[in-house]
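Colleague: this is the structure alone, sequence omitted:
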């Protein structure tokens, strides 16, 4: 069964919602930067690893969306 982020990315790809994917990516990247900058007694490696996995899933969704999009100039008007 796909996890939540995979389902969200799949929905954005089906809807061709690049903006939604971009916003999701930016949010995850901000979380990763924030967690990686923290120090202290708590080990952030597990949440950082999970966020890195989610970023990879979002990147794959963006690649799928780009592959499905027609190339610029390829559309013909009649």
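Modeller: Received, thanks. Since the model is a prediction, treat every value here as computed from it, not as a measurement. Numbering: from 1, shown residues only.
Colleague: C-alpha from now on. contacts and neighbour counts both.
Modeller: OK.
Colleague: what residues are up against the residue nearest the centre of the chain?
Modeller: Computing the C-alpha centroid of the chain and ranking residues by CA atoms, centre = their mean puts residue 58 first, at 2.2 Å. By CA atoms under 8 Å, 6 or more residues apart in numbering, residue 58 lies in contact with 6, 9, 21, 24, 25.
Colleague: hmm, try it at 7 Å
Modeller: 9, 21, 25 (CA atoms under 7 Å, 6 or more residues apart in numbering).
Colleague: name the element the last one belongs to?
Modeller: Taking DSSP states H and E as the definition, residue 25 sits inside helix 18-37.
Colleague: tell me what that helix is packed against?
Modeller: For helix 18-37, the elements it packs on are helix 4-14, helix 45-68, judged by 3 or more CA pairs under 7 Å, 6 or more residues apart in numbering; DSSP states H and E.
Colleague: buried residues in that helix?
Modeller: Going by neighbour count (16 or more other CA atoms under 10 Å), the buried part of helix 18-37 is 18, 20, 21, 24, 25, 28, 29, 31, 32, 35.
Colleague: so which of the helices and strands packed on helix 18-37 comes closest to residue 39?
Modeller: helix 45-68 (11.1 Å; CA to CA).
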